[in-house]
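In: build me a model:
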Amino acid sequence: MVAFGSVGAASAEPKNKMLQRCWGWDYRAACIYSITIAIADRPSMALGRLVVDNDGGGDPAKVVAHVELTAAGRAVEAEWRRMGEFTPAIRPLEIQIMPDHIHFILRVTERLARPLGQIIAGFKTGSSKAATGKPGFWSEGFQDTILFREGQLENMFNYVRDNPRRLAVKRLYREFFTVRRDLAVRLTPNQQNNSDSSVDLALAKPMTLHFQAIGNEALLKVPAIFQVQCSRSYLAYKRVAKPGGGRKIARDDCGRPIIETETGEFREKLEVLLAMAAKGAVLISPCISDGEREIARRAMEAGARLITLSNKGFSKLFKPGGKAFESASEGRLLMLAPAAWPYQPGEKKMTRFDACALNRIAQLIAGEGAAEINYHGMKPGNVDGLVAEACRADARPTAQEGAR
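Out: Residues are numbered from 1 along each chain as shown. As a prediction, the model looks like this:
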């Protein structure tokens with residue numbers, strides 16, 4: 001059986017910074033950039049006020065909202081539109097001013113004489129003075145996304161323009177978009193893996209796991225929860241070289257991962273799991289292999305209810321993106337991360353210990369719907385020890401929080 005509840009208070013968190021960068025990229029290069037900058041005093045909502053024109057009548061997709069700008073917001077917008085006057089190689093394409101941050105898209109038409117960061121710094125200085133008459137209006141740094149692929153620009157336009165609605169949805173469905181630092185999930189001995197696993201991992205005594213969480217906690221109460229487990233040989237995404245070194249998942253014009261290998265075993269597993277979900281079951285995915293991530297993605301597209309596991313925590317201002325946002329707003333998604341694994345910017349490498357802990361957590365929550373897992377020689381006590389350490393009660397994330 002599973003019982004759950006939110007306990008404890010989060011400790012003080014460091015100041016948010018927006019310092020995401022594509023390491024190795026030449027920021028003088030001609031390209032299209034999407035930029036996000038937050039104001040220093042975010043609680044002041046100094047740039048504008050969110051106005052909900054239509055609450056959607058319970059349908060998040062029908063929510064309509066806009067931001068009514070303050071004098072400071074209008075001054076910032078005017079300064080942004082002048083960026084091309086100061087740097088002719090820059091064409092401002094789109095801006096969305098939110099109450100406490102801004103998103104904008106720039107096209108750099110030819111190689112810049114100085115890095116983009118210096119130009120953004122100049123904009124921040126000028127817009128600070130225009131908005132308040134003094135410096136210090138903006139927080140340190142900025143976040144950027146470089147648009148490499150065909151089709152990305154239209155998607156980014158849609159994302160930027162949709163921000164007021166997304167913020168309205170977050171406020172209207174606040175319970176699904178609040179990051180909780182200690183969600184306690186209590187497991188009893190009959191909540192265990194009843195499969196014919198080569199390793200006996202039956203739970204010998206009650207155990208309470210502590211998570212960071214965002215989404216619908218009630219999904220843990222659904223009687224039928226089935227674990228997504230997919231061998232790495234069943235499906236593989238295509239990888240391409242990443243600017244600055246390394247490799248990343250290739251995506252199509254709509255932003256979907258491009259599949260390089262897909263076997264019959266994967267299609268059979270996907271069909272069975274989606275059929276269970278269509279009958280009311282919840283799927284739980286550790287999202288370790290490409291196949292597990294792909295099944296989670298398709299489950300969201302199909303309107304299924306889903307619990308996902310992450311090997312790092314969530315920033316204070318974290319919000320799901322894309323299909324996950326819509327799934328969360330409709331109460332169909334719960335995202336969990338072990339309480340002792342703090343948030344960190346960028347990707348966190350999935351270690352063997354991370355994978356073992358996440359697989360075991362998925363087994364424990366799924367109970368009779370758990371998948372058979374081969375832990376390759378690890379003793380049951382060691383696997384549960386990894387889980388206990390990752391989900392310990394006294395864990396408090398201390399890594400620098402990120403702003404989005």
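In: residues touching residue 163, list them.
Out: Going by Cβ atoms under 8 Å, 6 or more residues apart in numbering, residue 163 touches 96, 98, 103. (Each C-beta comes from the backbone N, C-alpha and C, glycine too.)
In: any chance of the residues you listed in a markdown table, plus secondary structure?
Out: Formatted as a markdown table, those follow (DSSP: H, G, I helix; E, B strand; the rest coil):
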| residue | secondary structure |
| --- | --- |
| 96 | strand |
| 98 | coil |
| 103 | strand |
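In: show me how far stretch 328-336 is from its chain's centre.
Out: When C-alpha coordinates are averaged (Cα atoms, centre = their mean, to the nearest Å), stretch 328-336 and its chain have centres 12 Å apart.
In: can you check stretch 79-94 too?
Out: 31 Å.
In: between the contacts of residue 163, which sits nearest residue 291?
Out: residue 103 (33.1 Å; Cβ to Cβ).
In: for that closest one, give me its contacts.
Out: Neighbours of residue 103 in contact, by Cβ under 8 Å, 6+ apart: 34, 35, 36, 95, 96, 159, 160, 163.
In: what's the closest non-adjacent residue to the first one?
Out: The shortest distance from residue 34 to any residue other than its chain neighbours is 4.3 Å, reached at residue 145 (Cβ to Cβ, 6 or more residues apart in numbering).
In: for the helix or strand hosting that neighbour, list the C-alpha coordinates in PDB.
Out: Taking DSSP states H and E as the definition, residue 145 sits inside strand 143-147. This file holds the C-alpha atoms of strand 143-147, laid out as PDB (Å, rounded to 0.1, in the frame of the first residue of the first chain):
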ATOM      1  CA  GLN A 143      19.600  32.200 -20.500                       C
ATOM      2  CA  ASP A 144      19.900  31.400 -24.200                       C
ATOM      3  CA  THR A 145      18.700  28.800 -26.700                       C
ATOM      4  CA  ILE A 146      20.400  28.600 -30.100                       C
ATOM      5  CA  LEU A 147      18.000  27.700 -32.900                       C
END
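In: how much space separates the residue lying closest to residue 310 once chain neighbours are set aside from residue 118?
Out: Sequence neighbours aside, residue 337 is the residue nearest to residue 310 in space, at 4.3 Å (criterion: Cβ to Cβ, 6+ apart). Residue 337 is 36 Å from residue 118, where distance means Cβ to Cβ, to the nearest Å.
In: and those two? Which one has more around it.
Out: More crowded of residue 337 and residue 118, by other Cβ atoms under 10 Å: residue 337, with 26 against 14.
In: got the domain boundaries for the protein?
Out: Here the domain parsing of the chain from automatic domain parsing is 31-171, 174-390.
In: quick one: the helices in this structure?
Out: Here the chain has its helices, by DSSP state H, at 71-81, 83-86, 116-132, 152-161, 163-172, 264-278, 290-301, 322-329, 352-366, 380-390.
In: what's the shortest one in contact with?
Out: Contacting residues not belonging to helix 83-86 are listed as 90, 91, 92, 106, 119, 122, 123 [Cβ under 8 Å, 6+ apart].
In: for the second one, list each beta-bridge partner.
Out: This means residue 91. residue 107 (DSSP bridges).
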